[in-house]
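Visitor: Quick one, fold the following:
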Amino acid sequence: MALARIVLEVRPEQVAAGDVWVATGADGEVAGMVALAPSTQPNTLDLDKLFVEPQRIRNGVGRALMAHAIDEAQRRGAKRLTVLADPYAAGFYERNGARRIGEAPSDAIPGRSVPLYEIKLD
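Guide: Below you'll find the model as predicted:
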């Protein structure tokens, strides 16, 4: 988790651009967050971050954040959303409509390859 801390960091400019959303629980505590980012590919956005507090996993928080990210990507006119996934989260992304399209270098752990997914939005 310590290695991923830098990748999960939210920059003020991401918030100012309206690219970050936070989910809270009934107790008002942060339950998770999701962020979109521009892609190098045309008509594509990247799922930049999706994190759910460990004690909130399997409570629908991730599913709600993912649905919001998909809706927002569509609203912005993207035709696809790409996801660089932690291998332990691969099943989650597949259950939420993502199709594996290959592997790519991890943005958190040097020398590690992770699954690359896409969600077609059209």
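Visitor: List the buried residues of the biggest helix by length in the chain.
Guide: When the chain is scanned for its longest helix (criterion: DSSP state H), the result is helix 61-75. Across helix 61-75, burial judged by 16 or more other C-beta atoms under 10 Å covers Val61, Gly62, Ala64, Leu65, Met66, Ala69, Ile70, Glu72, Ala73. C-beta: built from backbone N, CA, C; applies to glycine.
Visitor: For the third one, give me its contacts.
Guide: Residues near Ala64 by C-beta atoms under 8 Å, 6 or more residues apart in numbering: Ala23.
Visitor: What separation is there between it and Glu72?
Guide: 13 Å (C-beta to C-beta, to the nearest Å).
Visitor: Please apply the same query to the second one.
Guide: Computed as C-beta to C-beta, the Gly62 to Glu72 distance reads 16 Å.
Visitor: Report how many residues lie close to Ala85.
Guide: 23 (other C-beta atoms under 10 Å).
Visitor: So Asp27: helix, strand or coil?
Guide: Three-state assignment for Asp27 (DSSP: H, G, I helix; E, B strand; the rest coil): coil.
Visitor: got it, and Tyr117?
Guide: strand.
Visitor: just checking, it touches Ala104?
Guide: No. Look at Tyr117 against Ala104 with C-beta atoms under 8 Å: they stay out of range, at 10.1 Å.
Visitor: Give the intersection of the neighbour lists for the two.
Guide: Joint contacts of Tyr117 and Ala104 (C-beta under 8 Å, 6+ apart) are Leu84.
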